[in-house]
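**Q** what's the 3D shape of this:
(one chain, ligands or ions: 2)
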Amino acid sequence: MPVNTIEIAGNTHARDARVAERVRGRLREQRTPALNLISSAGSGKTLLLERTLQALNEELSLAVVTGDSAAQADAERLSRHTGRLVQAVLTSGSSHLDARQIDRALRLIDLQYTDLVLIENVGNLVHPATWDIGETAKVVLYSVTEGEDKPLKYPAAFRNATCVVFTKVDLLPHLTFDMDLAVANARAVNQEMRLFFTSALNGAGLDGWFDFLRAAVREARASS
Ligand SMILES: Nc1nc2c(ncn2[C@@H]2O[C@H](COP(=O)(O)OP(=O)(O)OP(=O)(O)O)[C@@H](O)[C@H]2O)c(=O)[nH]1
Ligand SMILES: [Mg+2]
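**A** Ligands and ions are numbered 1, 2, ... in the order given. Modelled structure (predicted):
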């Protein structure tokens, strides 16, 4: 399906709690959860979403919104795996999405026929962590190439997320990455988080991630 480009002119970002609540209200009304995927640049958000679309497309109606500061290559990649329009927000250099952009992106998405909205935020662990875009939950991706200290250096990203998806675990044999320490650091910031250990390359751990998405859809459907 084609990509629809939403180009944001200039630096018009504003924290707007009312718009974020409006977005959340629309999602709740339609019983459609929206997950906001955040991570450092290159941690594997797009590849995880590609695998997710490949695996769940027949089963769930998934809508995708991507945020990128300049190029819409991620949206093009994702559009190859879905029959639905992919919304590409180009933030004109800004390092995160905001609620108004999501509000606009959702207008072209028929939420009534959508089970789950997956949002790929701009790649960094600073600004996306603290901007409420009206999402149901934030998910932080943490690649094993990033070092064990990331939860301590970027606590807001881990504190505000409901789960951590460790990515690229296929690379562990080649790295000195201490997974136990990384998990302990993540838990030190947020004890409640679900943890997934995945490789989008060889498929390890993806079933747990898919089950998490199915459960999010079921929970939203059951809500009043
Ligand atoms: N070995 C390995 N490489 C991966 C895995 N997931 C992603 N990669 C690679 O990591 C690189 C970045 O992946 P992307 O999915 O583009 O990462 P991203 O988080 O979307 O990047 P930005 O959108 O730029 O922030 C690509 O070369 C991927 O092929 C994985 O599970 N294992
Ligand atoms: Mg990407």
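
**Q** the residue of the chain found nearest ligand 2 is in what secondary structure piece?
**A** Proximity of the chain to ligand 2 (CB to the ion) peaks at residue 46, 3.3 Å away. C-betas here are computed from N, CA, C, even on glycine. Taking DSSP states H and E as the criterion, residue 46 maps to helix 45-56.

**Q** dump the next helix or strand after that helix to PDB, keeping only the CA atoms.
**A** Sequence-wise, the next helix or strand downstream of helix 45-56 (DSSP H and E) is strand 62-68. C-alpha atoms of strand 62-68 as PDB (Å, rounded to 0.1, in the frame of the first residue of the first chain):
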ATOM      1  CA  LEU A  62      -2.600  -3.400  12.100                       C
ATOM      2  CA  ALA A  63      -2.100   0.300  11.400                       C
ATOM      3  CA  VAL A  64       1.400   1.800  11.300                       C
ATOM      4  CA  VAL A  65       2.600   5.400  11.900                       C
ATOM      5  CA  THR A  66       6.300   6.200  11.500                       C
ATOM      6  CA  GLY A  67       8.100   9.300  12.700                       C
ATOM      7  CA  ASP A  68      11.300  10.300  11.100                       C
END
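
**Q** count residues in the vicinity of the residue of the chain closest to ligand 2, would you?
**A** 21 (other CB atoms under 10 Å).

**Q** just checking, it touches residue 78?
**A** Yes: here residue 46 lies in contact with residue 78, judged by CB atoms under 8 Å, at a distance of 6.7 Å.

**Q** hey, what's in contact with both of these two?
**A** 66, 120 (CB atoms under 8 Å, 6 or more residues apart in numbering).

**Q** about what we covered before: got the contact list for the residue of the chain closest to ligand 2?
**A** By CB under 8 Å, 6+ apart, the contact set of residue 46 is 66, 74, 77-78, 120.

**Q** mind pulling up the pLDDT for it?
**A** The score at residue 46 is 97. That number is its pLDDT.

**Q** would you agree residue 49 is in contact with residue 119?
**A** No: the pair residue 49 and residue 119 fails to qualify as a contact (CB under 8 Å) at a distance of 9.6 Å.

**Q** of the two, who's got more company?
**A** Per other CB under 10 Å, whichever of residue 49 and residue 119 has more neighbours is residue 119, with 29 against 23.

**Q** secondary structure class for that one?
**A** Here residue 119 is recorded as strand under DSSP: H, G, I helix; E, B strand; the rest coil.

**Q** quick one: it from ligand 1, how far?
**A** Distance from residue 119 to ligand 1, counting by CB to the nearest ligand atom, to the nearest Å: 12 Å.

**Q** and that residue, what pLDDT?
**A** Looking at residue 119, its pLDDT stands at 98.
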